[in-house]
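Asker: dropping the sequence and predicted coords here.
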Amino acid sequence: MSKIPLTQTELMSQAPALFTAEPHFEASDKYHFVSTIDVINEIKSLNWYPTSVQQSSVKDEDKEGYQRHLVRFRHFDDLLNPKENAVELLLFNSHDRSTAFSISAGIYRFVCSNGLVIADSVFESYKIKHIGDRYNDVQTAINNITAFKPQLQQKIDTFESITLSQAEQESFARLSVPLRFNEHLQVNHKDLLVPHREEDTKDDLYTTLNVIQENLLRGNISGTNKETGRKFTSREITSIGKDVDVNQGLWDIAERIASIKEPSLALAA
């Protein structure tokens, strides 16, 4: 994740699929192609700048250059005056019909370089149509996310104000295990609560959320396959889809915990 916007050259180097100029040959004639780089430039004109990009790997070589990709943007104000957490805009697309073109909200936490994805129950993703007036769709999504920024920052403050007991932290971790591990894979949920830096040795809800998220995404969690009896160590999640699912699931659990612990503080979505 860059602290300054990525250049066109860096975007091309890290995710060539952004610059694909036509849809995959299997797309129907009714499919209206939307160029990702064109939308990136539109978003930049609305004061959000790309700071991170990722594209999926492909098994089918015919899909190379058309695969799913994710671009993270940060607002000009947050680039100018960075704080501990920054609200992000997330752009998803593909050129092979595998992913709907959408814009969502996220949070970037500088202390651990983690990018959270906000659950749909909190902030609705905006689907960008492959037909019609694309610019109006994009502008509407951007305006709504920009307007939502203060509320999302307040939600972070709420999470930081909620203290969890050890038992509550363990409940959070236990509920998080299925987000990453199938039923036949047994891990110690307490391993998800091990912090990787001194700043994370705190017991508030937001820190707990980020510690669990980092351990689930970055891997290195040991466990046992109950069906084979073999030991395993989890790997880093590199799939865009799985990353989003884990993040949204964690945020949803945190929302539920907040509504139990501090009903008066838990903000409505």
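Answerer: Perfect, thanks for sending it.

Asker: the residue positioned nearest the centre of the chain pairs with what?
Answerer: Centroid check for the chain by CA atoms, centre = their mean gives Val117 as the closest residue, at 3.2 Å. Counting by DSSP bridges, Val117 forms beta bridges with Gly106.

Asker: wait, it sits on Asp243?
Answerer: Yes - using CB atoms under 8 Å, Val117 is in contact with Asp243, at 7.4 Å. In short, each C-beta sits where N, CA and C put it, glycine included.

Asker: need phi/psi at Asn85.
Answerer: phi -130, psi 140 (degrees, to the nearest 10).

Asker: give me the neighbour count for Gly223.
Answerer: Gly223 has 17 neighbours, counted by other CB atoms under 10 Å.

Asker: quick check: it is in a helix.
Answerer: No - under DSSP: H, G, I helix; E, B strand; the rest coil, Gly223 sits outside any helix and is assigned strand.

Asker: pull the contacting residues for the residue nearest to it when sequence neighbours are not counted.
Answerer: Once flanking residues are discounted, Gly223 sits nearest to Val187: 3.7 Å by CB to CB, 6 or more residues apart in numbering. Taking CB atoms under 8 Å, 6 or more residues apart in numbering as the criterion, Val187 is in contact with 177, 181, 221-223, 234.

Asker: from Ala254, how far off is Val187?
Answerer: According to CB to CB, to the nearest Å, Val187 and Ala254 sit 20 Å apart.

Asker: equivalent analysis for Asp77, please.
Answerer: 25 Å.

Asker: just to revisit the earlier point, most widely separated two among the contacts of Val187?
Answerer: Val177 and Ser222 (13.2 Å; CB to CB).

Asker: more neighbours, the two?
Answerer: Val177 (21 against 11).

Asker: you'd agree the more buried one is up against His189?
Answerer: Yes - between Val177 and His189 there is a contact under CB under 8 Å: 5.4 Å.

Asker: what's around Ile156, how many residues?
Answerer: 18.

Asker: show me the shaky parts of the stretch 151-269 of the chain.
Answerer: Scanning the stretch 151-269 of the chain with the threshold set as pLDDT under 70 gives 265-269.

Asker: let's go with 90 and repeat that
Answerer: Flagging of the stretch 151-269 of the chain using pLDDT under 90 yields the residue ranges 151-155, 196-200, 238-241, 244, 262-269.

Asker: okay, strands next: where are they in it?
Answerer: 185-187, 222-225, 231-233 (DSSP state E, counting those that start in this stretch).

Asker: same thing with the stretch 1-150 of the chain?
Answerer: Under DSSP E, counting those that start in this stretch, the stretch 1-150 of the chain gives strands at 48-55, 69-75, 85-93, 102-109, 114-117, 126-127.

Asker: domain-wise, how is the protein divided?
Answerer: 8-149, 162-261 (automatic domain parsing).

Asker: how about TSV for the ones you listed, with distance to Lys155 added?
Answerer: Shown next, in TSV, are those (distance: least, CB to CB, whole Å):
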stretch	distance to Lys155
domain 8-149	8
domain 162-261	8
